[in-house]
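Enquirer: Need a 3D model of the following:
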Amino acid sequence: MTVLPDDGLSLAAEFPDATHEQWQRLVEGVLRKSGKEVSGEAAEEALSTQLEDGLTTRPLYTAPENAADTGFPGFAPFVRGGQPEGTTAAGWDVRQRIAGTDPVRLNEAVLADLENGTTSLWLTVGQDGIPADGLARALDGVYLDLAPVSLDAGAGYAEAARALLSLYTERGVAPEAARACLGADPLGHEARTGTALDLAEAAALARETATGWPGVRALTVDALPYHEAGGSAAEELGLSLATGVAYLRALTEEGLSTEAALGQLEFRYGATADQFLTIAKFRAARRLWARVAEACGATEAGAQRQHAVTSPVMMTRRDPWVNMLRTTVACMAAGVGGADSVTVLPFDNELGLPDAFARRISRNTSTILLEESHLARVIDPAGGSYYVEQLTDELAHAAWEFFQTIEKAGGQAAALRSGLVADRLAATWAERSKKLAKRREPITGVSEFPLLAEKPLVREPAPAGPTGGLPRVRRDEAYEVLRARSDAHLTATGARPRIFLAALGPAAAHTARATFASNLFQAGGIEPVHDPVSVDPSTAADAYAASGADGMAVLCSSDALYEEQAEAVAAALRSAGATTVFLAGKPGTSAGAVDEYVFAGCDAVAVLSSVLDRMGVAS
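Expert: Numbering: from 1, shown residues only. As a prediction, the model looks like this:
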């Protein structure tokens with residue numbers, strides 16, 4: 001070992017530590033320049049972001065004095081991971097979802113996926129997938145002792161489970177070598193369909209696998225029905241806890257020990273493109289489930305087994321290529337958060353049955369993150385981040401509070417049947433929908449930077465999936481309705497509805513607001529048309545007449561030019577046939593000269609719907 005000489009340099013030792021108050025004063029100065037006169041805590045609050053569940057992202061995090069002990073990987077409370085070695089040995093399990101009803105075609109997809117990076121399979125069996133008696137054909141040529149299988153069979157889980165277990169026996173797979181999750185989830189099925197199933201049959205299946213198939217888990221606690229109904233991260237976690245506890249009660253009543261019952265459950269969560277919230281979700285989920293195990297007296301219980309699925313809610317139908325970026329971030333966050341298995345949904349998942357290229361991209365997403373980015377080589381890489389640790393802690397407390405609410409209401413089944421769950425999730429989604437409508441939560445390719453000229457992808461229709469229970473929401477749904485109206489208008493008339501952008505003055509004056517207005521109206525399928533340079537009172541009428549606009553125009557420029565030209569240009573536009581003149585800017589600017597305003601934070605969905613109505617575009 002080389003010992004460096006003492007050169008007498010003390011470096012930072014001579015400088016006093018900066019205080020929190022000093023930082024706040026610097027923030028005050030910056031905010032003052034932008035016109036905000038705030039000080040102290042108020043200055044810090046001005047830079048904070050409100051999240052769902054009452055959580056707040058602050059601008060600065062420092063080590064808390066009484067931070068909770070997160071333990072070590074592989075030890076309770078399992079915040080840092082479920083195994084001492086993490087996923088450093090082989091990376092997370094790359095679980096590919098295989099959809100469809102034809103066992104022969106599914107077999108082709110299964111073999112292609114397993115040959116090219118997939119390490120386990122997630123199959124839909126029954127009414128919305130392959131028949132149970134077609135499972136053997138779908139898995140023809142698969143080494144079942146090497147490739148774990150996860151089933152999703154809804155109400156037919158018992159028949160599907162028997163078919164898979166029989167297949168293991170027929171192909172000589174030793175019970176201790178079989179690795180599977182049979183997917184029994186009666187409460188998840190009720191959430192999806194509104195139809196109750198008896199927990200006793202699932203408990204009996206769990207008793208059989210616990211005694212005869214040590215590597216097989218019988219039940220899945222699927223939180224996706226709540227995630228897809230618009231639930232927040234804390235609500236998703238709280239409902240998964242309530243479901244898991246209901247299953248523990250049923251399994252122990254069937255005669256299983258608490259430790260054995262815990263070993264029969266696998267949890268499934270949505271992973272979104274909010275990377276830090278997703279990382280915190282998986283870390284908090286393990287901590288919460290460890291607390292449940294502790295309360296049940298299971299001192300030797302292991303960590304929660306987790307299956308992450310990239311969020312269907314965030315997937316868009318327009319500009320679906322952007323979904324590749326969303327799923328990459330979500331996959332990264334789930335892996336960093338410690339998920340055992342990760343399913344990356346194909347980018348065309350919302351358009352129908354994914355094609356071979358889309359499935360290839362989905363499995364290669366994990367491969368790149370594992371093999372080229374080496375994400376699995378560090379255990380809990382986000383651990384120790386003041387922000388991540390604080391977010392994990394706050395999310396865990398919010399989820400536990402909601403879990404207690406469910407338990408006080410009589411448990412998960414009672415909460416589903418009383419409407420408590422549906423009402424809570426609907427309220428959460430209503431609040432989020434306001435942010436989406438105002439573009440406070442942007443959707444790239446849909447509410448921001450849409451491409452009206454894009455050629456739509458066409459896919460073979462996918463099975464409809466179960467209905468009748470909680471709704472399935474999508475972030476793009478309000479904008480999709482508007483775009484569908486525009487598409488129908490294009491088909492009927494040969495042109496999209498058009499709006500004229502009246503850019504005033506030089507580019508430096510109008511570019512920002514013209515770009516804003518262009519994005520806004522394209523989000524509703526309305527084609528913006530503008531003069532190549534700019535207009536003024538003498539040219540506005542001719543430019544509007546040549547645009548082919550459908551009675552609507554928008555003034556785009558600086559406040560100073562609005563004061564000089566807005567009234568005259570608006571009058572010229574009206575003389576040329578414009579029935580409504582908007583102004584891109586603050587309400588009240590050039591009051592009386594224009595009819596309406598569009599600005600950052602306006603309800604874009606309401607504005608666009610109204611404009612389409614006035615243009616005569618059918619709904």
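Enquirer: helices or strands up against the helix or strand where T211 lies?
Expert: Secondary structure assignment for T211, by DSSP states H and E: helix 199-212. Packed against helix 199-212, as judged by 3 or more Cβ pairs under 8 Å, 6 or more residues apart in numbering; DSSP states H and E, are the following elements: helix 157-170, strand 180-184, helix 186-193, strand 216-222, helix 233-253, helix 258-262. Placement of C-beta: from N, CA and C, glycine included.
Enquirer: gap between the residue nearest the centre of the chain and S232?
Expert: By Cα atoms, centre = their mean, the chain has its centre lying nearest to T272, at 3.1 Å. The gap separating T272 from S232 is 11 Å, by Cβ to Cβ, to the nearest Å.
Enquirer: any chance you could map the helices in the stretch 401-550 of the chain?
Expert: For the stretch 401-550 of the chain, the helices defined by DSSP state H, counting those that start in this stretch occupy 412-418, 420-437, 477-493, 507-522, 540-547.
Enquirer: For the residue nearest to V388 when sequence neighbours are not counted, report the pLDDT, please.
Expert: Closest residue in space to V388, ignoring its immediate chain neighbours: A382 at 4.4 Å, by Cβ to Cβ, 6 or more residues apart in numbering. pLDDT for A382: 95.
Enquirer: measure A382 to G419 for me?
Expert: 37 Å.
Enquirer: of these two, who's got more company?
Expert: In this view A382 and G419 are compared by other Cβ atoms under 10 Å, and A382 has more residues nearby, 21 against 10.
Enquirer: what secondary structure does the more buried one sit in?
Expert: Under DSSP: H, G, I helix; E, B strand; the rest coil, A382 falls in the coil class.
Enquirer: My read is that it contacts A334, right?
Expert: No - applying Cβ atoms under 8 Å as the test, A382 and A334 come out as separate, 11.8 Å apart.
Enquirer: if we can go back for a sec, can you redo the helices and strands packed on helix 199-212 as CSV with distance to R95?
Expert: Shown next, in CSV, are the helices and strands packed on helix 199-212 (distance: least, Cβ to Cβ, whole Å):
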stretch, distance to R95
helix 157-170, 16
strand 180-184, 10
helix 186-193, 17
strand 216-222, 12
helix 233-253, 18
helix 258-262, 21
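Enquirer: right, so these: which one is the most enclosed?
Expert: strand 180-184 (a mean of 28; mean count of other Cβ atoms under 10 Å).
Enquirer: elements contacting that strand?
Expert: Strand 180-184 sits against strand 149-152, helix 157-170, helix 199-212, strand 216-222, with contacts defined as 3+ Cβ pairs under 8 Å, 6+ apart.
Enquirer: can I get these in CSV with distance to A413 and mean pLDDT?
Expert: Listed next are those as CSV, based on distance: least, Cβ to Cβ, whole Å; pLDDT from 0 to 100:
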stretch, distance to A413, mean pLDDT
strand 149-152, 20, 97
helix 157-170, 17, 97
helix 199-212, 8, 96
strand 216-222, 14, 98
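Enquirer: Among the ones you listed, single out whichever gets nearest to C556.
Expert: Closest of the helices and strands packed on strand 180-184 to C556 is strand 216-222, at 48.1 Å (criterion: Cβ to Cβ).
Enquirer: who does the closest one touch, helix- and strand-wise?
Expert: Other helices and strands packing on strand 216-222, by 3+ Cβ pairs under 8 Å, 6+ apart, are strand 180-184, helix 186-193, helix 199-212, helix 233-253, strand 265-271.
Enquirer: Tell me what angle that strand forms with helix 233-253.
Expert: In terms of direction (axes from the mean of the first three to the mean of the last three Cα atoms, to 10 degrees), strand 216-222 departs from helix 233-253 by 140 degrees.
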